[in-house]
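Visitor: I need the structure of the sequence given here:
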Amino acid sequence: MRDTVYFLVFDGFADWEAALALCEIRRPGDWRIVTVGFSARTVSSMGGLQVTPEQTLDRIDLSRAALLILPGGHLWQRGEGQEAVDAAERVHAAGGTVAAISSAVLALARHGLMARSRHTGNFSGFVGGYGAVYDGSEKYDPDALAVSDGGFITASSLGSVELAREVIRTLDLYSGSDREHWYRLFKHAAPPPWYAGERAVTV
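Guide: Numbers count the residues shown, from 1 in each chain. Here you go, the predicted structure:
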């Protein structure tokens, strides 16, 4: 039963990039969100939030992993985080989806995980700009803020709303029409006709 979304935390992770996605995942109450880390020690996000991982990457339950989210952060530019790439490969091979945001896309590309999937990043030439020569570079879409393909979701650091929309679609959280209402609301501040007060999206 795939009922768990794993979210990687580490020193300097970009805390805002997946915030909308995580909130929408929790809204229906059917999904578990579990924070995972390279170790069990408390880390500090880019915005200064203190987070203690609930478990380490090597303890991800592949039979329950619906999604592994890798947020951006400077460690990816430094070429670190191999354990997370290994975990992403395991989750994907087991049938789960992997979401990489901003510089986390670099790590997946460097290790061959973007060879067969359309993907995006922060700007045109983003991955190559960090010296990554990789199979699948022709599948890079510089104009998209988020892309879903082949069991991967990739997103720009500027595409938090688009990332959330792809996560919502991947986990089948709402109806198709409600997904579009949600997107217009958060992207363009355009509420649906029935919007009133705190009601945002029907389930």
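Visitor: mind checking pLDDT for Gly79?
Guide: Note for Gly79: predicted pLDDT of 89.
Visitor: got it, and the one 5 residues further on?
Guide: You'll see Ala84 listed with a pLDDT of 98.
Visitor: Just confirm it is within a helix.
Guide: Yes - counting by DSSP: H, G, I helix; E, B strand; the rest coil, Ala84 is found in a helix.
Visitor: all strands of the protein, in order?
Guide: 4-8, 32-37, 43-44, 50-51, 55-56, 65-70, 97-101, 146-149, 152-155 (DSSP state E).
Visitor: now Pro142: how far from Val105?
Guide: 12 Å (Cβ to Cβ, to the nearest Å). All C-beta spots, glycine's among them, are computed from the backbone N, C-alpha and C.
Visitor: joint contacts of those two?
Guide: Thr120, Gly121, Phe126 (Cβ atoms under 8 Å, 6 or more residues apart in numbering).
Visitor: now, among these, which is nearest to Gly176?
Guide: Thr120 (22.6 Å; Cβ to Cβ).
Visitor: which residue packs closest to the residue most central in space within the chain, ignoring adjacent ones?
Guide: With distances taken as Cα atoms, centre = their mean, the chain has Ala99 as the residue nearest its mean C-alpha position (3.4 Å). Sequence neighbours aside, Ile153 is the residue nearest to Ala99 in space, at 4.0 Å (criterion: Cβ to Cβ, 6 or more residues apart in numbering).
Visitor: Just the pLDDT for the one you found.
Guide: Ile153 is given a pLDDT of 98.
Visitor: does it have beta-bridge partners, and which?
Guide: Ala99, Ser148 (DSSP bridges).
Visitor: Am I right that it is in contact with Val105?
Guide: No - applying Cβ atoms under 8 Å, one finds Ile153 not in contact with Val105, separated by 10.2 Å.
Visitor: so Tyr140 bridges to which residues?
Guide: Beta-bridge partners, per DSSP bridges, of Tyr140: His119.
Visitor: Can you report how many residues lie near it?
Guide: Residues near Tyr140, counting by other Cβ atoms under 10 Å, number 22.
Visitor: Was I right to think it contacts Asn122?
Guide: No - counting by Cβ under 8 Å, Tyr140 does not reach Asn122; the two are 11.1 Å apart.
Visitor: What are the neighbouring residues in contact with the closest residue to Leu158 other than its chain neighbours?
Guide: Using Cβ to Cβ, 6+ apart and skipping residues adjacent in sequence, the residue nearest Leu158 is Leu145, 6.2 Å away. Going by Cβ under 8 Å, 6+ apart, Leu145 touches Thr120, Ala155, Ser156, Leu158, Gly159, Val161, Glu162, Leu163.
Visitor: What of Met114?
Guide: Shown in contact with Met114 (Cβ under 8 Å, 6+ apart): Val105, Leu108, Val127, Tyr134, Asp135, Gly136, Lys139, Tyr140, Phe152, Thr154.
Visitor: which among those end up buried?
Guide: Among these, those classed as buried by 16 or more other Cβ atoms under 10 Å are Val105, Leu108, Val127, Tyr134, Gly136, Lys139, Tyr140, Phe152, Thr154.
Visitor: Lowest-confidence entry in the residues you listed?
Guide: In this model, the minimum pLDDT among the buried ones among the contacts of Met114 belongs to Val127 (75).
Visitor: Please consider this matter closed, and thank you.
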